[in-house]
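1. got a sequence here, can you model it:
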Amino acid sequence: MKIYLAGPMRGIPAFNFPAFHAAAAALRAQGHTVFSPAEKDNERHGTDISADNPTGSEELAAQQHGFNLREALGVDLAWICSDAEAIALLPGWESSKGVRAEVAAAEALGLEKIEL
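-> This is a model prediction of the structure:
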């Protein structure tokens, strides 16, 4: 199954990337194809943008790495719309504006929702 991995990032130490990496590995071990926005952010910027961001500051990531939320969310939503068959949700997703937007798109498309 093609799964989009969603979870809170902003305001969480290291953008919660360790939880994203662990969940992506576990889902892949089950045979799924996984889109992880944490991996995509690092790929897009050519470095681990979480490594030097202990508070998960979007502003710091923008200053240090050129992170752009509109660009990131656009890429993420495009994959949900074009490829995803399900959305997997990390704990605490309800408090994230970005994840709520991703869930709204997934629900509009009738994708399966998996609570991790």
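2. so which residues of the protein form helices?
-> 17-29, 37-45, 58-65, 69-82, 97-109 (DSSP state H).
3. how close does the closest residue to residue 86 other than its chain neighbours get to residue 43?
-> The shortest distance from residue 86 to any non-neighbouring residue, by CB to CB, 6 or more residues apart in numbering, is to residue 112 (3.8 Å). (Glycine included, C-beta is placed from N, CA and C.) Remark: distance between residue 112 and residue 43 (CB to CB, to the nearest Å) = 25 Å.
4. what residue lies at the spatial centre of the chain?
-> The centroid of the chain falls nearest to residue 37 when counting by CA atoms, centre = their mean (3.3 Å).
5. which residues does the nearest residue to that one once chain neighbours are set aside contact?
-> In space, and not counting its chain neighbours, residue 37 is closest to residue 76: 5.1 Å by CB to CB, 6+ apart. Residues near residue 76 by CB atoms under 8 Å, 6 or more residues apart in numbering: 4, 35, 37, 40, 98, 102.
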